[in-house]
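K.L.:
compute the structure for the input listed below.
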Amino acid sequence: MKILPPVAIGARRLLPSQWDVLAAVLVLGAIVLLADAGRQVVAPLATLKAHPVGLSPWLLPGYALRTTLRMLVAMAFSLLFTFTYATWAAKSERAGALLVPVLDILQSVPILSFISITYVFFMSLAPGQVLGAEFGAIFGIFTSQAWNMAFSFYQSLRTVPVELEEAGRVFGLSAWARFWRIEVPFGMPSLVWNMMMSMSGSWFFVVASEAISVGNTTITLPGIGSYIALAIVHQDLAAIFYAIAAMAIVILIYDQLLFRPLVAWADRFRFDQEQMEDAPESWMLTVLRRSELIDAVAAPFRTALRWSYRLSPPKNVQLPGTKSPLVSRLADVAWYGVLTALVLYALWRAGTFIATGVTWREALYATGLGFITMLRVFVLIAIASAIWTPVGIYVGLRPKLARFVQPVAQFLAAFPANLFYPVFVLAIVTWSLNADIWTSPLMILGTQWYILFNVIAGASGMPRDLRDAAANFQLKGWLWWRRVALPGVFPFYVTGAITASGGSWNAAILSEVVVWGSHTVRAHGLGAYIQDAYAHGDYHRLVLGTVIMSVMVAVINRLFWRPLYWYAERKYRLT
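P.N.:
The predicted structure is shown next:
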């Protein structure tokens with residue numbers, strides 16, 4: 001087998017190597033695609049009406065490019081949000097007391113509510129141009145990606161092994177250096193899997209992001225989501241299959257060019273003393289590592305990052321933990337007093353707005369619908385946990401199988417609920433089924449994968465010496481599951497279950513009202529209530545439904561999921 005030396009020790013070539021040529025082709029192709037998309041987004045808004053979305057399959061490559069670029073831009077902002085928001089919440093107890101509950105609420109706020117509230121703002125950033133609508137669509141996709149990634153990274157920061165932190169202090173690393181050299185690498189394997197899940201999960205809401213309708217204003221951006229929405233209106237099954245094929249090709253491409261290289265690269269950060277025999281591989285990662293062109297482009301950024309490791313806070317700045325107990329107690333009282341005032345003010349403003357257009361009877365009715373949706377979420381999360389937790393452990397412990405399952409799971413997780421509307425509507429109408437029961441699976445179709453992806457990440461990161469110890473003690477059967485497998489993935493499962501639960505509440509909006517052509521199937525629930533309010537432009541009912549959903553999710557997380565989270569953090573962290 002031919003072994004290629006790293007660029008750093010290889011002989012410099014006067015002519016570009018095969019790796020440089022391949023890297024240059026990929027980079028230039030990406031630049032051309034970005035330039036073409038950029039030219040279209042600065043066009044006048046009137047061009048959308050002059051060139052409306054069509055159902056010709058020949059339009060799908062361009063639509064797929066536009067949708068994928070929106071998702072990648074949203075992913076970049078989601079990473080920025082994750083590294084700032086989640087880090088602040090994990091590092092500061094005072095900030096975490098506010099930021100974690102806010103994150104619970106944010107993941108439960110329906111994407112339709114986000115779009116309704118922010119649409120006018122984003123359009124005002126680029127008046128009369130497609131760019132404003134693009135901002136709104138990207139933000140809608142961002143809201144389906146960021147919360148899951150932030151929860152994953154927050155969980156990783158809270159469970160960094162103590163010995164790693166102590167090693168960083170012994171070697172004199174600053175807090176900034178410890179973050180990039182210890183904490184980010186430790187959380188990277190789990191974060192990469194959650195990035196894959198977030199990317200696939202954003203397909204679930206791409207229809208609502210690209211076909212924007214607020215009140216009497218409707219803007220349809222070219223993309224696979226708007227293509228699917230138009231196909232549903234026209235009951236065009238052939239167009240639905242074309243959209244599925246286009247999604248499959250796009251997922252395969254970004255799996256090969258983005259996520260498989262990331263999985264192979266992140267494998268180096270596994271918290272394990274032994275190297276895996278069948279470590280994940282990627283041809284794209286090999287290209288990036290062997291190309292001198294990429295190495296030269298990345299060198300300035302690498303040098304700047306290494307230089308930043310030398311930075312340290314000024315000596316006259318008082319470090320956290322050095323304040324007197326009295327000052328610390330007074331600061332806590334002031335901080336929580338401000339939080340309480342902000343919460344009361346927000347509740348007062350929301351209550352005042354709702355009270356002007358909604359009666360108490362309407363509020364009680366919407367609350368009852370919320371309990372119906374809550375029951376559906378509990379049952380579906382329990383079923384998904386029982387199915388996908390053992391499957392995720394089995395797959396995560398077998399890297400070869402994980403490489404095969406990875407793109408398949410991404411493809412299944414990417415299916416928008418809208419694509420299943422024909423099957424569910426025809427089945428319910430034909431056999432006179434109960435819509436309250438048989439539309440429920442649509443709520444979990446796009447969110448159950450949060451559990452699977454997180455459990456796979458936890459199982460794949462399980463130290464080899466832990467598994468060897470279990471084999472030496474001959475732990476088998478249920479004893480192995482109870483003592484090794486389930487405790488090893490429990491923190492990751494809780495993270496996936498929290499995001500799956502919040503996502504299921506959000507998915508209720510697309511699942512409790514199912515439309516296929518002239519047929520409409522409606523289930524009782526808070527999602528259907530919010531969908532109706534959005535369709536009629538009734539902002540009072542929309543805000544009421546959003547507030548009830550957010551409060552219910554926050555209370556459930558606080559009383560059920562958070563205690564599980566803290567229990568997993570204390571008892572099952574690697575230390």
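K.L.:
helices along the stretch 201-350 of the chain, start to end?
P.N.:
Counting by DSSP state H, counting those that start in this stretch, the stretch 201-350 of the chain has helices at residues 206-210, 224-233, 237-254, 260-266, 283-290, 292-308, 325-355.
K.L.:
how about JSON lines for those, with distance to Leu445, mean pLDDT and mean neighbour count added?
P.N.:
All C-beta spots, glycine's among them, are computed from the backbone N, C-alpha and C. Formatted as JSON lines, the helices of the stretch 201-350 of the chain follow (distance: least, CB to CB, whole Å; pLDDT from 0 to 100; neighbours: other CB atoms under 10 Å):
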{"stretch": "helix 206-210", "distance to Leu445": "14", "mean pLDDT": "80", "mean neighbour count": "26"}
{"stretch": "helix 224-233", "distance to Leu445": "15", "mean pLDDT": "86", "mean neighbour count": "23"}
{"stretch": "helix 237-254", "distance to Leu445": "14", "mean pLDDT": "88", "mean neighbour count": "17"}
{"stretch": "helix 260-266", "distance to Leu445": "24", "mean pLDDT": "88", "mean neighbour count": "21"}
{"stretch": "helix 283-290", "distance to Leu445": "30", "mean pLDDT": "85", "mean neighbour count": "17"}
{"stretch": "helix 292-308", "distance to Leu445": "39", "mean pLDDT": "83", "mean neighbour count": "12"}
{"stretch": "helix 325-355", "distance to Leu445": "31", "mean pLDDT": "74", "mean neighbour count": "12"}
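K.L.:
and of those, who's closest to Ile428?
P.N.:
Evaluated over these, closeness to Ile428 peaks at helix 224-233, with 15.8 Å, by CB to CB.
K.L.:
quick check: angle from that closest one to helix 237-254?
P.N.:
Here helix 224-233 runs at an angle of 160 degrees relative to helix 237-254 (axes from the mean of the first three to the mean of the last three CA atoms, to 10 degrees).
K.L.:
what's helix 224-233 packed up against?
P.N.:
Helix 224-233 sits against helix 60-81, helix 206-210, strand 211-214, strand 217-220, helix 237-254, with contacts defined as 3 or more CB pairs under 8 Å, 6 or more residues apart in numbering; DSSP states H and E.
K.L.:
buried residues in the longest one?
P.N.:
By that I understand helix 60-81. 60, 63-71, 73-75, 78-79, 81 (16 or more other CB atoms under 10 Å).
K.L.:
C-alpha coordinates for that helix, PDB please?
P.N.:
C-alpha atoms of helix 60-81 as PDB (Å, rounded to 0.1, in the frame of the first residue of the first chain):
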ATOM      1  CA  LEU A  60     -34.900  21.100  -9.800                       C
ATOM      2  CA  PRO A  61     -31.100  21.400 -10.000                       C
ATOM      3  CA  GLY A  62     -31.300  25.200  -9.700                       C
ATOM      4  CA  TYR A  63     -33.900  24.900  -6.900                       C
ATOM      5  CA  ALA A  64     -31.700  22.300  -5.100                       C
ATOM      6  CA  LEU A  65     -28.700  24.600  -5.300                       C
ATOM      7  CA  ARG A  66     -30.700  27.600  -3.800                       C
ATOM      8  CA  THR A  67     -32.100  25.500  -1.000                       C
ATOM      9  CA  THR A  68     -28.700  23.900  -0.100                       C
ATOM     10  CA  LEU A  69     -27.000  27.300   0.000                       C
ATOM     11  CA  ARG A  70     -29.700  28.600   2.400                       C
ATOM     12  CA  MET A  71     -29.200  25.600   4.600                       C
ATOM     13  CA  LEU A  72     -25.400  26.000   4.600                       C
ATOM     14  CA  VAL A  73     -25.500  29.700   5.400                       C
ATOM     15  CA  ALA A  74     -28.000  28.900   8.200                       C
ATOM     16  CA  MET A  75     -25.600  26.200   9.400                       C
ATOM     17  CA  ALA A  76     -22.700  28.700   9.600                       C
ATOM     18  CA  PHE A  77     -24.800  31.000  11.800                       C
ATOM     19  CA  SER A  78     -25.900  28.000  13.900                       C
ATOM     20  CA  LEU A  79     -22.300  27.200  14.600                       C
ATOM     21  CA  LEU A  80     -21.600  30.800  15.600                       C
ATOM     22  CA  PHE A  81     -24.600  30.700  17.800                       C
END
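K.L.:
what distance separates it from the centre of its chain?
P.N.:
On the basis of CA atoms, centre = their mean, to the nearest Å, helix 60-81 sits 13 Å off its chain's mean C-alpha point.
K.L.:
mind giving me the packing neighbours of that helix?
P.N.:
Contacts defined by 3+ CB pairs under 8 Å, 6+ apart place helix 60-81 against helix 18-41, helix 130-143, helix 146-158, helix 184-204, helix 206-210, helix 224-233, helix 237-254.
K.L.:
next SSE downstream of the longest one?
P.N.:
Think helix 18-41. For helix 18-41, the following helix or strand on the C-terminal side (DSSP states H and E) is helix 46-50.
K.L.:
quick one, which of the helices of the stretch 201-350 of the chain gets closest to Leu164.
P.N.:
Closest approach to Leu164 among the helices of the stretch 201-350 of the chain is made by helix 260-266 (16.3 Å; CB to CB).
K.L.:
residues in contact with that closest one: which ones?
P.N.:
The contact list for helix 260-266 (CB atoms under 8 Å, 6 or more residues apart in numbering) reads 188-189, 191-193, 195, 279-282, 284-285, 288, 403, 406.
K.L.:
fine by me, we can end here.
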